[in-house]
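Engineer: coords please:
(chains A and B)
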Amino acid sequence: MAQDKVLIEVKNLKKYFKVGPNATLKAVDDVSFNLMKGETLGLVGESGCGKTTCGRTVMGLYPASGGQVLYNGQDIHKLHGKAKKDFTRKAQIIFQDPYASLNPRMTVGNIIGEGIDIHNLYTGQEKIDRIYKLLELVGLNKEHASRFPHEFSGGQRQRIGIARALAIEPEFIVCDEPISALDVSIQAQVVNLLIKLQRELGLTYLFIAHDLSMVKHISDRVGVMYLGTMVELASSKDLYAEPLHPYTQALLSAIPVPDVNIAKTRQRIMLEGEVPSPINPKPGCRFAPRCKYAKAACLEQIPELKEVKPGHFVACHIVK
Amino acid sequence: MEKLLDVKNLKVSYHTYAGEVQSVRGVDFYMKNGETLAIVGESGCGKSVTAKSLMRLIQTPPGEIKEGSQILLDGKDVLKMNETELRELRGGDVSMVFQDPMTSLNPTMNIGKQIAETLIIHRGMSKSEAFEEAVKMLKLVNIPNAEKRAKQYPHEFSGGMRQRAMIAIALACQPKLLIADEPTTALDVTIQAQIMDLMKDLQDKLGTAVILITHDLGVVADFADRIQVMYSGLIIERGTVTEIFDNPQHPYTWALLQSVPRLDTAHKDTLYSIKGTPPDLLNPPVGCPFAARCDFAMDICKEAMPEYTSLSDTHGVHCWLQHPYAPKVERPIGNGGAANGTR
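Structural biologist: The predicted structure is shown next:
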């Protein structure tokens, strides 16, 4: 499914937040990756690792503190006026919380139609037909257009969020934990829908989640983030079959498997302690304080993300 | 072994403006000392309400535990207790760990005091004794610098540490039964693994029985001895972990097991998803509540609730497919919960 054409090139992206007179929160620190047209790149990591900030900065919701995001060769953080508006038509986002991300005072039809109005895509009957078509595309029906968000269940609301994102025919969608607020059986429905839409419309997804088995299922490639840095990036098959970074290994071994026979026999790698604060982080590899392989070099220098096998990138001093 | 807990015909309803919502519609189960029972199901299936009833934490009104329900804990009838007895029960013999450690701790009290509170009330300790014991509890749940941490407030703790503190409070009086209501849902996988290991470890040390409420079948496979699958206020299948994962019998259990992607399922395949939504508990269906969403439903399923079919001492199911005249259907998943053909 993945093609060779690069859609988005993220180069040394940084996003810092000033949180006090002498405190800087480095939410995203020097992250680089490419997004190919038509692929799904999964982004995983624990809460606070900067995956959501990364997703939002990539689509321009936050201004970057450093680095570039090149969309078809143009730096999106340098766009103004009409060029900026054209970009916002191509990039959309689906939010995590289907309860907080829909305006309770707007009808579903207006929520979906807002983007169409802003970009002057359709008017009058054409617009109404477009809204009906979108509702059907995501598995709702046209009677729903005149209702309000509170009349829908969580899974249905997430479908409305997806319809809104699709309304202006984007090329690229950031899916920011689109399923984590939903029940298991509903998660499967939404993921199936996302995969189907990608096949039909050729969409590119940046899929942010902490549910590692779901990410493996939907992604072509997966990036693992830890405390603002990308520690490993590989095809989802390679990453899960042969994780190289010690953090990825621990993270994958912690996934609970719904299978008694495996659950009773497998060995888990337990991580000591918790993720340290991203405020004024110490020099060196961010994972070093919790890493059992850490050497002196790990505490001094941040390892670079380098290609150790074709298409498999790791940032670790230990992995050769 | 002696039964620690015996629940018979538990029915709980909520009275709302729209009418009576029958959250739990006749549930029977038991627990033995020291074992772990998992209750799984979707949101709204009544698993939390069942657990809360065990401590009489159902707010009345609007909630109501119906006439004819029986909850025996160590031979004592929880539903006949007065307020004084209940206060002794809660936090003493039975305690609870909630899903959200952020909102279930008191933000204006330091952690040490919150643990000490239960000890002062239930064990009659003095303030200083109780605080010392609280520090010991924090050490037991692996919180570094326990002396210093005990004087800190919940906002100074991370999510995982708050959940550890909750567990420390719950276990302070060495309860016989611990109810863990989605204890790790709000936590990251690595922290989830730490917390579940800690609970298992403490359970071995203290011999506490645990009711684990969750929708994560992975956690269940790792941690539980027995499983009860709930759907629309009823237990539709029960069994040991091996029985449920290797030989599930109810189509809903199959559906639950199938809808989770596993690390070994084929990439970007369509995941199994259950069609439709759970029934409205204002007017629960007469027949099997899952019939409308079931791939194997027959005419009888919509007309009458299937009887309990016992498959072994521990394994049983409510499903018409168990009837001798029912057609034989092929189970869509094989042993160990893997979808057929992927292993």
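
Engineer: got the contact list for the residue of the stretch 151-300 of chain B found nearest chain A?
Structural biologist: Closest to chain A within the stretch 151-300 of chain B is residue B:218: 2.6 Å, counting by C-beta to the nearest C-beta. All C-beta spots, glycine's among them, are computed from the backbone N, C-alpha and C. Residues in contact with residue B:218 (C-beta atoms under 8 Å, 6 or more residues apart in numbering or on different chains) are A:255-258, A:263, B:260.

Engineer: Residue B:84 too?
Structural biologist: Taking C-beta under 8 Å, 6+ apart, we find residue B:84 in contact with no residue.

Engineer: Which helix or strand contains it?
Structural biologist: Mapping residue B:84 onto the secondary structure by DSSP states H and E places it in helix B:83-89.

Engineer: Using CSV, list the CA coordinates for that helix.
Structural biologist: Once non-C-alpha atoms are left out, helix B:83-89 reads as follows in CSV (Å, rounded to 0.1, in the frame of the first residue of the first chain):
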residue,chain,number,x,y,z
GLU,B,83,-25.0,1.8,58.9
THR,B,84,-22.5,1.0,61.7
GLU,B,85,-21.9,-2.5,60.4
LEU,B,86,-21.5,-1.2,56.9
ARG,B,87,-18.9,1.3,58.0
GLU,B,88,-17.0,-1.6,59.5
LEU,B,89,-17.3,-3.6,56.3
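
Engineer: average pLDDT for the following helix or strand past that helix?
Structural biologist: Following helix B:83-89 in sequence order, the next helix or strand is strand B:94-97 (DSSP H and E). Mean pLDDT, taken over the full extent of strand B:94-97, equals 90.

Engineer: Nearest to chain B: which residue in chain A?
Structural biologist: Checked against chain B (C-beta to the nearest C-beta), the nearest residue in chain A is residue A:256, 2.6 Å away.

Engineer: name the element the spatially closest residue to that residue that is not a sequence neighbour belongs to?
Structural biologist: The shortest distance from residue A:256 to any non-neighbouring residue, by C-beta to C-beta, 6 or more residues apart in numbering or on different chains, is to residue B:218 (2.6 Å). Residue B:218 is part of helix B:217-223 when elements are defined by DSSP H and E.

Engineer: for the chain, which helix is longest?
Structural biologist: Looking at chain A here, since you left the chain open. Among the elements of chain A assigned as helix by DSSP state H, the one spanning the most residues is helix A:184-201.

Engineer: could you do chain B instead?
Structural biologist: Longest helix in chain B by number of residues, with DSSP H as the criterion: helix B:189-206.

Engineer: quick one: strands adjacent to the helix or strand just after that one?
Structural biologist: Downstream of helix B:189-206, the next assigned helix or strand under DSSP H and E is strand B:209-214. Sheet pairing of strand B:209-214 (DSSP bridges) gives strand B:36-40 (parallel), strand B:177-181 (parallel).

Engineer: Rebuild those as JSON lines, extending it with mean neighbour count.
Structural biologist: Listed next are these as JSON lines, based on neighbours: other C-beta atoms under 10 Å in any protein chain shown:
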{"stretch": "strand B:36-40", "mean neighbour count": "24"}
{"stretch": "strand B:177-181", "mean neighbour count": "24"}
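
Engineer: Include mean pLDDT when you put these into a markdown table, please.
Structural biologist: Listed next are the strands paired with strand B:209-214 as a markdown table, based on pLDDT from 0 to 100:
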| stretch | mean pLDDT |
| --- | --- |
| strand B:36-40 | 93 |
| strand B:177-181 | 91 |
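
Engineer: Switch the ones you listed over to TSV; also include distance to residue A:152.
Structural biologist: Converted to TSV, the strands paired with strand B:209-214 look like this (distance: least, C-beta to C-beta, whole Å):
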stretch	distance to residue A:152
strand B:36-40	25
strand B:177-181	26
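
Engineer: out of those strands, nearest to residue B:20?
Structural biologist: Within the strands paired with strand B:209-214, the stretch nearest residue B:20 is strand B:36-40; the backing value is 22.9 Å (C-beta to C-beta).

Engineer: And for the closest one, what's in contact with it?
Structural biologist: Residues lying outside strand B:36-40 but in contact with it, judged by C-beta under 8 Å, 6+ apart, are B:29, B:31, B:47, B:50-51, B:203, B:209-215, B:217, B:220, B:223-230, B:241, B:256.

Engineer: can you pull out the helices in chain B?
Structural biologist: Secondary structure of chain B, counting by DSSP H: helices at B:47-54, B:83-89, B:101-104, B:111-123, B:127-140, B:146-149, B:159-171, B:189-206, B:217-223, B:241-246, B:251-258.

Engineer: Lowest average confidence across those helices, which one?
Structural biologist: Looking at these, the lowest mean pLDDT belongs to helix B:101-104 (a mean of 80).

Engineer: Check whether it comes near chain A.
Structural biologist: No - counting by C-beta under 8 Å from any C-beta of the partner chain, no contacts exist between helix B:101-104 and chain A, the nearest distance being 12.3 Å.

Engineer: Can you give me the buried ones in that helix?
Structural biologist: Buried residues in helix B:101-104, counted by 16 or more other C-beta atoms under 10 Å in any protein chain shown: B:101, B:104.

Engineer: residues in contact with that helix?
Structural biologist: Contact with helix B:101-104 is made by B:98, B:154, B:159, B:162-163, B:165-166, B:186, as judged by C-beta under 8 Å, 6+ apart.
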